[in-house]
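Colleague: Next comes the sequence, and after it the predicted model I'd like to discuss.
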Amino acid sequence: MIQKGIEPNTITYNSLIDGYCLQNRMDEAVKAFKTMVRKGCSPSIVSYSILIHGYCKNKRIDEAMSLFHEMTNNGMIPNVVTYTTLIGGFCRVGRPKNALELLHEMQGCGQHPDCQTYAILLDGLCKNLHFQEAMTLFHEMEDKKLDHNVVIYSIWIDGMCNAGKLTNARELFNTLPTKGLQADVQTYTIMIKGLCKEDLLKEARVLFEQMEKNGCSPDHFSYNTIIQGFLQHNETSLVVKYIKMMVDKGFSANATTATILINLLSTNQADKTLQDFFLKSV
């Protein structure tokens with residue numbers, strides 16, 4: 001292109017930077033960005049956003065924030081997408097409190113977080129066990145009357161299950177229809193996992209069957225989740241039954257299920273039914 005006398009413009013450089021970021025070749029992405037500046041081609045807000053997203057994806061959040069400050073110092077106003085990307089980056093590296101601070105900064109600048117922003121931050125707070133902050137954030141969403149989709153509720157139900165608040169999680173799950181929402185396969189799987197964790201296997205089985213009756217077909221994760229619950233409580237006959245069902249549906253055991261199964265068999269704690277089934281299956 002250059003040999004033909006065609007000068008690259010901002011769009012050209014953005015495409016190149018984005019390509020490097022997609023391949024996680026961040027050093028080359030940064031080099032292309034610096035070349036763009038050196039050649040007198042001013043970066044746009046898109047240029048900065050692409051590189052910030054690449055840094056966040058590769059868990060280089062401090063470099064992402066440095067570029068963010070450079071962008072704002074150059075008079076560019078970050079939008080919701082840029083803020084959401086950085087919030088996700090902080091959550092990805094286990095710094096949800098920094099993400100929460102950024103949310104407040106975002107709101108102070110007049111930018112209104114959308115449902116995706118809240119979903120990413122809520123997930124990060126729950127996964128990093130900041131349950132109180134997550135609860136405050138969820139209620140903030142309710143107060144602002146933001147559209148709560150089933151993804152938000154799934155994240156919150158999962159957070160409550162992990163925090164040992166199964167009763168609250170169950171109540172919220174059961175109220176979804178009153179909110180005009182239908183639980184999807186992810187929501188059901190999260191709830192089944194929470195029930196298995198508390199040794200409520202009968203209730204987990206009922207919910208699994210209810211999922212199918214409600215027209216929500218279990219997927220690969222659903223089967224592996226309930227099978228892992230049975231394995232952890234040595235419910236051999238149920239393990240065999242659900243593995244057969246899973247295989248008939250065209251799904252297979254994931255690495256976690258296989259590891260638990262092999263460990264159980266290696267300790268000779270599994271009964272003959274499971275041992276025979278395993279030998280026939282390998």
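Modeller: Cool, the structure landed.

Colleague: Please make it C-alpha for all contacts and neighbour counts, starting now.
Modeller: Will do.

Colleague: Poorly predicted segments of this structure, please.
Modeller: 147, 268-273, 275-282 (pLDDT under 70).

Colleague: count of neighbours near residue 27?
Modeller: 11 (other Cα atoms under 10 Å).

Colleague: ok, and it, which helix or strand is that part of?
Modeller: Per DSSP states H and E: residue 27 is located in helix 26-38.

Colleague: Could you list every helix and strand that that helix packs against?
Modeller: Applying 3 or more Cα pairs under 8 Å, 6 or more residues apart in numbering; DSSP states H and E, one finds that helix 26-38 contacts helix 10-22, helix 45-57.

Colleague: For the first one, name the packing helices and strands.
Modeller: Yep, that's helix 10-22 we're talking about. helix 26-38, helix 45-57.

Colleague: now the angle from that helix to helix 26-38?
Modeller: Orientation of helix 10-22 against helix 26-38 (axes from the mean of the first three to the mean of the last three Cα atoms, to 10 degrees) gives an angle of 170 degrees.

Colleague: Which positions in helix 10-22 come out as buried?
Modeller: Within helix 10-22, the residues that count as buried by 16 or more other Cα atoms under 10 Å are 10, 13-14, 16-21.

Colleague: do the same with the last one
Modeller: Of the residues in helix 45-57, those scored as buried under the neighbour-count criterion (16+ other Cα under 10 Å) are 45, 47-57.

Colleague: before we move on, back to that, right, so of the helices and strands packed on helix 26-38, which gets closest to residue 132?
Modeller: Nearest to residue 132 among the helices and strands packed on helix 26-38 is helix 45-57 (25.4 Å), distances taken as Cα to Cα.

Colleague: name the helices or strands packed onto that closest one?
Modeller: Helix 45-57 packs on helix 10-22, helix 26-38, helix 61-73, helix 80-92, going by 3+ Cα pairs under 8 Å, 6+ apart.

Colleague: Counting neighbours, which bits of the helix or strand hosting residue 227 end up buried?
Modeller: Using DSSP H and E, residue 227 maps to helix 220-232. The neighbour-count check on helix 220-232 (16+ other Cα under 10 Å) flags 221-232 as buried.

Colleague: need these in JSON lines with distance to residue 242, can you?
Modeller: Below are these laid out as JSON lines (distance: Cα to Cα, whole Å):
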{"residue": "221", "distance to residue 242": "13"}
{"residue": "222", "distance to residue 242": "11"}
{"residue": "223", "distance to residue 242": "7"}
{"residue": "224", "distance to residue 242": "9"}
{"residue": "225", "distance to residue 242": "11"}
{"residue": "226", "distance to residue 242": "8"}
{"residue": "227", "distance to residue 242": "7"}
{"residue": "228", "distance to residue 242": "10"}
{"residue": "229", "distance to residue 242": "11"}
{"residue": "230", "distance to residue 242": "9"}
{"residue": "231", "distance to residue 242": "11"}
{"residue": "232", "distance to residue 242": "14"}
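
Colleague: What is the nearest of those to residue 183?
Modeller: Among the buried residues of helix 220-232, residue 222 lies closest to residue 183 (Cα to Cα), at 13.4 Å.

Colleague: need the contact list for that closest one.
Modeller: 185-186, 188-189 (Cα atoms under 8 Å, 6 or more residues apart in numbering).

Colleague: got it, and residue 126?
Modeller: Going by Cα under 8 Å, 6+ apart, residue 126 touches 134, 155-156, 158-159.

Colleague: Starting from residue 94, give me the distance back to residue 197.
Modeller: 24 Å (Cα to Cα, to the nearest Å).

Colleague: swap in residue 61?
Modeller: Using Cα to Cα, residue 61 is found at 11 Å from residue 94.

Colleague: which of those two has more neighbours?
Modeller: Taking neighbours as other Cα under 10 Å, residue 61 and residue 94 compare with residue 61 leading, 24 against 16.
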